[in-house]
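**Student:** Build me a model:
(one chain, ligands or ions: 1)
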Amino acid sequence: LNFAIFAEIYNFPSNFVWGAASASYQIEGAWNVDGRIPSIWDTASHKNNSSVVDGSTGDDAAMSYYYYEKDIQALKDIGFKTYRFSIAWPRVLTKTNQVNQAGIDYYSKLIDRLKEEEIKPMVTMYHWDLPQYLQDLGGWTNPAIVKYFEHYADTLYKHFGDRVKEWITFNEPATFCDGGYSWGWHAPEIRTEKQIGGYLCSHHILLAHGAAYHLYKNKYFADQQGKVGICLNTGYSFPANENVTDEHVDRAMHFGLGRYANPIYSVDGDYPRVMREAIDQKSTDEGRRWSRLPHFTTAQVESLHGAADFLALNYYTSSLIQPYSHLGWNPADSDSEIHSFHDDNWKRSSSSWLVSVPEGLYHLLLWIKDNYNNPLVYITENGWSDLPMTIEDDGRVEYLREHLAAMSRAITDGCRVETYTVWSLTDNFEWMRGYTERFGIYAINFTDPERKRIPKNSVDLMKQVVRDNFVEVEKD
Ligand SMILES: O=S(=O)(O)CCCN1CCN(CCO[C@@H]2O[C@H](CO)[C@@H](O)[C@H](O)[C@H]2O)CC1
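**Tutor:** As a prediction, this is how the structure comes out:
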């Protein structure tokens, strides 16, 4: 059977860079070794009544602190040319904000080995493992955190900036701000009414990103010539029926992605007008003396505007939307007044929140192009989940084929996407889902002391995509 007869071929630009992604707390283990201090995820996973569904922790995880050569071999076997990993703040700085040399040495060794194998290191500075002693001071809801983060960024640029040329300040603030400080289902598991904690977190994340960006430009760029971006996650909001308008779509997109992207990438900067006006009015209606959404000063708006060299984007899934007004729901119960939900026909993964909507990636990339003047985009996460020790991961193969095809179409339609790193290189600690949901293209048996990286079928797909620089999907 000649597959080509039944397949559509989607090509990629000749200079397109393929790779894989991971995060420190999810893979490293060695949680209390060589000077690493506790993070908010050590605290959350070590609790007696931990919310991690299988009671597991990242204490050992994939043991990449010891087995990083296994990760490098896995990358080489596929032919990946970039590796997006995160550096653990708790491993690099002590509680007195001095350098922990053992932590520096670990990441230096990893970076040197990647460079030897001609694999570009792309570093995420913060992928959720905040030092616990900073959370004890309020964490991301305390404006003092901006200074601590700026010093952490300075430390990273100083020690690794000669070899690392692509920096991502934060991974998915949309997930950890509201997850951690509004709803409480992410570390540090704090619940606050009406997203007050989440909005404080977002505000300080953006100020910290701006500080780290300008620090790089002012102090390091001349010598190091690298790029600094931020990693944002969102889905696309599809109208659920013909009564849902483009205005509803834009409202949903601005309350989601725009909350973080507008201050940096939009023409005017600052929070989206639709958010600013809605939350200020609602706060007044609630009898509050000031808005739940903090205000940037004019100087801060100016400083944040344009403060990124690329937009790192994590895409997993999308939603159908309906406004509260069409559902007769109380608008006071939500700032966006938009209800998001899944179409029952969308294929399901092993994660409750993850269904397959490839066309959402296409529409999202077009929306970013149209709303943010076609910024340089790196897709830094895209992936599927299956159950432990699945090797014949046909669901992931289909998901990746369809999403790579959607990305190819967006590039053909003018979107500037230059890199794709699949989530994830190996199975790892999936936060509150522990080891019950697996995102790796390599499987790991977490009772195996060797933590062998076992290729799933999707490894063969990625080898073919890297080799041929095209992907095939079956014709409908
Ligand atoms: O339960 S509900 O449906 O009410 C809400 C949950 C929705 N979240 C949306 C954000 N998503 C972040 C993805 O998280 C990203 O993707 C990977 C896979 O999760 C993680 O391992 C990465 O560390 C992270 O960057 C995790 C689930």
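**Student:** The residue of the stretch 301-450 of the chain found nearest the ligand - how many residues pack around it?
**Tutor:** For the stretch 301-450 of the chain and the ligand, the shortest gap (CB to the nearest ligand atom) falls at W353, measuring 3.3 Å. The C-beta positions use only the backbone N, C-alpha and C, and glycine is treated the same way. For W353, the count of nearby residues is 11 (other CB atoms under 10 Å).
**Student:** Let me know the distance separating the nearest residue in space to it that is not next to it in sequence from N371.
**Tutor:** Sequence neighbours aside, T317 is the residue nearest to W353 in space, at 6.9 Å (criterion: CB to CB, 6 or more residues apart in numbering). Distance, T317 to N371, using CB to CB, to the nearest Å: 20 Å.
**Student:** And A88, by the same measure?
**Tutor:** 34 Å.
**Student:** okay, these two: which has more neighbours?
**Tutor:** A88 (27 against 20).
**Student:** secondary structure element for the closest residue to E28 other than its chain neighbours?
**Tutor:** Spatial nearest neighbour of E28, excluding adjacent residues (CB to CB, 6+ apart): Y65 at 4.5 Å. Y65 belongs to helix 64-78 when assigned by DSSP states H and E.
**Student:** What is the subsequent helix or strand relative to that helix?
**Tutor:** strand 82-86.
**Student:** Run through who's touching that next one.
**Tutor:** 17-24, 27, 71-72, 75, 110, 114, 119-127, 129, 166, 168, 171, 380, 419, 421, 425 (CB atoms under 8 Å, 6 or more residues apart in numbering).
**Student:** again, only this time at 7 Å
**Tutor:** 17, 19-24, 75, 114, 119-124, 127, 171, 380, 419, 421 (CB atoms under 7 Å, 6 or more residues apart in numbering).
**Student:** With stretch 332-348 instead?
**Tutor:** Outside stretch 332-348, the residues that reach it (CB under 7 Å, 6+ apart) are 195, 237, 248, 251-252, 255, 278-279, 282, 319-324, 327, 331, 355-357.
**Student:** now stretch 202-214
**Tutor:** Outside stretch 202-214, the residues that reach it (CB under 7 Å, 6+ apart) are 140, 143, 145-146, 149-150, 153, 169-170, 173, 177, 228, 230, 259-260, 263, 294, 300, 303-304, 307-308.
**Student:** who touches the closest residue to G440 other than its chain neighbours in this structure?
**Tutor:** The spatially closest residue to G440, leaving aside those adjacent along the chain, is D427, at 3.7 Å (CB to CB, 6+ apart). By CB under 7 Å, 6+ apart, the contact set of D427 is 438-440, 443-444.
**Student:** what's the closest of the residues you listed to C201?
**Tutor:** Nearest to C201, judged by CB to CB, of these is F439 at 24.6 Å.
**Student:** Now do the strands in the stretch 351-476 of the chain.
**Tutor:** Applying DSSP state E, counting those that start in this stretch to the stretch 351-476 of the chain gives strands spanning 377-381, 417-423, 442-443, 454-455, 470-474.
**Student:** Just give me the lowest mean pLDDT stretch among those.
**Tutor:** Mean pLDDT is lowest for strand 470-474 among the strands of the stretch 351-476 of the chain, at a mean of 94.
**Student:** Buried residues, it. List them.
**Tutor:** In terms of neighbour count (16 or more other CB atoms under 10 Å), strand 470-474 has its buried residues at 471-473.
**Student:** ok, it: who's next to it in the sheet?
**Tutor:** strand 7-11 (antiparallel) (DSSP bridges).
**Student:** After the strand it pairs with, which helix or strand is next?
**Tutor:** Next element after strand 7-11 (DSSP H and E): strand 17-21.
**Student:** Now render the buried residues of strand 470-474 as a markdown table, adding distance to the ligand.
**Tutor:** Listed next are those as a markdown table, based on distance: CB to the nearest ligand atom, whole Å:
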| residue | distance to the ligand |
| --- | --- |
| V471 | 21 |
| E472 | 26 |
| V473 | 23 |
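**Student:** Let's have those in CSV, adding distance to E398.
**Tutor:** Shown next, in CSV, are those (distance: CB to CB, whole Å):
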residue, distance to E398
V471, 11
E472, 12
V473, 9
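**Student:** Please name the residues that touch W41.
**Tutor:** W41 touches 25, 58, 128-129, 187, counting by CB under 7 Å, 6+ apart.
**Student:** thinking again about what came up before, in helices, which of the contacts of stretch 332-348 appear?
**Tutor:** 248, 251-252, 278-279, 282, 324, 327 (DSSP state H).
**Student:** Give me the neighbour count for the residue lying closest to I379 once chain neighbours are set aside.
**Tutor:** Spatial nearest neighbour of I379, excluding adjacent residues (CB to CB, 6+ apart): Y420 at 4.6 Å. Other residues near Y420 number 25, with proximity taken as other CB under 10 Å.
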